[in-house]
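1. Dropping a prediction and its sequence here:
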Amino acid sequence: MQSAETDSRMAEALDKVADVDIDEGTFKYVLIKVYHSPPAPAQETSKYIVRGYMTAEYHSDVYDRVMPNIERLGLACECVGGGRINHQAAEGNIKVYGYSQGFGKADHSVAVTLLKKKYPDYKSVTFSNDGY
């Protein structure tokens, strides 16, 4: 059985990981599940994060950039899918769509929920399951 102190440390480590880190423009993104390693047997403490960068040629490039930083915090992660993001900051618009050939399609509704939390003043944060 875990102590309250252990639970607190796990939550603190997860809190150090930003929910969203994306560029502006159109780029590939991945949805990543981050959790304590090893996971607690009775209950898993985890969260989802969105990462997307203009410099990434492939979805795996985004994941490979993020994974070492997560592991340095004593956490584990897995990519649960990907797609594309069109982020137009000046207009206050984000559109999430498409899929990753390597990781499959992310649950864009989860990504949009996180993006709306990060950008509450944007006019439009939407997703479509169409397109590549």
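-> Perfect, I can see it now.
2. alpha carbons only for contacts and neighbour counts from here, please
-> Fine.
3. after the lowest-mean-pLDDT helix or strand in the chain, next one along is what?
-> One helix or strand of the chain scores below all others by mean pLDDT, DSSP states H and E: helix 4-15, with a mean of 69. Downstream of helix 4-15, the next assigned helix or strand under DSSP states H and E is strand 20-22.
4. Which residues does that next one contact?
-> Ile49, Val50, Arg51, Gly52, Tyr53, Leu114, Leu115, Lys118 (C-alpha atoms under 8 Å, 6 or more residues apart in numbering).
5. and which of these is nearest Ala76?
-> Distance to Ala76, by C-alpha to C-alpha, is smallest for Ile49 among the contacts of strand 20-22, at 12.5 Å.
6. And the closest one, what's its pLDDT?
-> Predicted confidence (pLDDT) for Ile49: 98.
7. Likewise for His36?
-> We have a pLDDT of 84 for His36.
8. In space, what's closest to it - neighbours in sequence excluded?
-> The spatially closest residue to His36, leaving aside those adjacent along the chain, is Leu75, at 4.7 Å (C-alpha to C-alpha, 6 or more residues apart in numbering).
9. isn't that neighbour right up against Val34?
-> Yes: counting by C-alpha atoms under 8 Å, Leu75 sits close enough to Val34 to count as a contact (6.8 Å).
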